[in-house]
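Q: Sequence first, then the predicted structure:
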Amino acid sequence: MDKVSENPFKNRERENTSLLVATALFVALYLISNIMAVKVIGLFNLFYFDAGTVTFPFAYMLGDVITELWGFRISKKIIWITFLCNIVLVVCTQIGIWLPSPAHLAATASAYNEVFTYVPRIVVASLVGFLLGELSNAWIMEKIKIRMKGRHMWVRTIGSSAIGYVFDTLPFVLIAFLGTVTTRELLLMMALQYASKLLIESVFGTPMAYATVHLIRRYNR
């Protein structure tokens, strides 16, 4: 197991830079997805999904890259760092709601309060789904990598995401939107979010993962 997950980099400084950039983008994409998730997008009165669905698969892609290059142990630490950053987001935006605003900016303050009063519920849903989904995704990806002796990265990126998205999407939609939309809309959101994330992961995320892994390995030669 250790042999398969062994760090392949020789240049410690470049390795640290690569990991730092990957971690920053990973955290940023999750925070962005949480804020974007406030808006529900409806297509043809049939398909419903939150706007965070657009960026979320790319966070998963970066998680796959981190697991691929640095292994589950490092990936798990970054997942917990992201978890804490999400909590900081909730605390800071809530403080912003409590702080007073001048009368002539009441409309702006009202808009801010309306968006970020809703964000804590979204973030709680995201945290539950995030931990269940991302930890299972990273763990399964490394297990597949070991079993396949490092071959066919696309099998582990798509295969691990197919399972990880189940543990992420179901609790997220239930906690975030139960009671705010109809049962039909809730079920459609679950189905469409899962299918959309997996499609984006397969069509865009996996090729980007291959390119990113190649670039990082080339940079660290």
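A: Cool, the structure landed.
Q: Tally up the residues packed near Thr38, please.
A: Thr isn't right for residue 38; it's Val. 18 (other C-beta atoms under 10 Å). From N, CA and C alone the C-beta is placed, and that goes for glycine too.
Q: So it is in contact with Ile122, correct?
A: Yes. Using C-beta atoms under 8 Å, Val38 is in contact with Ile122, at 6.2 Å.
Q: any weak-confidence spans in the protein?
A: Applying pLDDT under 70 to the chain flags the ranges 1-11, 43, 45-50, 118-119.
Q: which residues in it form helices?
A: Secondary structure of the chain (DSSP state H): helices at 2-5, 12-36, 56-98, 106-147, 153-177, 183-200, 206-219.
Q: next one: the longest one to chain centre, how far?
A: To tie it back to what came earlier, the one meant is helix 56-98. 7 Å (C-alpha atoms, centre = their mean, to the nearest Å).
Q: Then the fourth one?
A: Here helix 106-147 is found 7 Å from its chain centre; the criterion is C-alpha atoms, centre = their mean.
Q: Equivalent analysis for the last one, please.
A: Centroid separation between helix 206-219 and its chain, computed with C-alpha atoms, centre = their mean, is 19 Å.
Q: Could you identify which of the helices of the chain is most buried?
A: Neighbour counts (mean count of other C-beta atoms under 10 Å) averaged over each of the helices of the chain peak at helix 153-177, with a mean of 21.
Q: quick one: contacts for Leu25?
A: Applying C-beta atoms under 8 Å, 6 or more residues apart in numbering to Leu25 gives the contacts Leu62.
Q: Quick check: the gap between it and Val65.
A: Plainly put, Leu25 is 10 Å away from Val65 if you go by C-beta to C-beta, to the nearest Å.
Q: Against Thr117, how distant is Ser110?
A: Here Ser110 is placed at a distance of 10 Å from Thr117 (C-beta to C-beta).
Q: I meant Thr157, not that one.
A: 36 Å.
Q: ok so, going back, would you list the helices of the chain in TSV and tack on distance to Gly42?
A: Output for the helices of the chain, formatted as TSV (distance: least, C-beta to C-beta, whole Å):
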stretch	distance to Gly42
helix 2-5	43
helix 12-36	15
helix 56-98	18
helix 106-147	17
helix 153-177	13
helix 183-200	8
helix 206-219	28
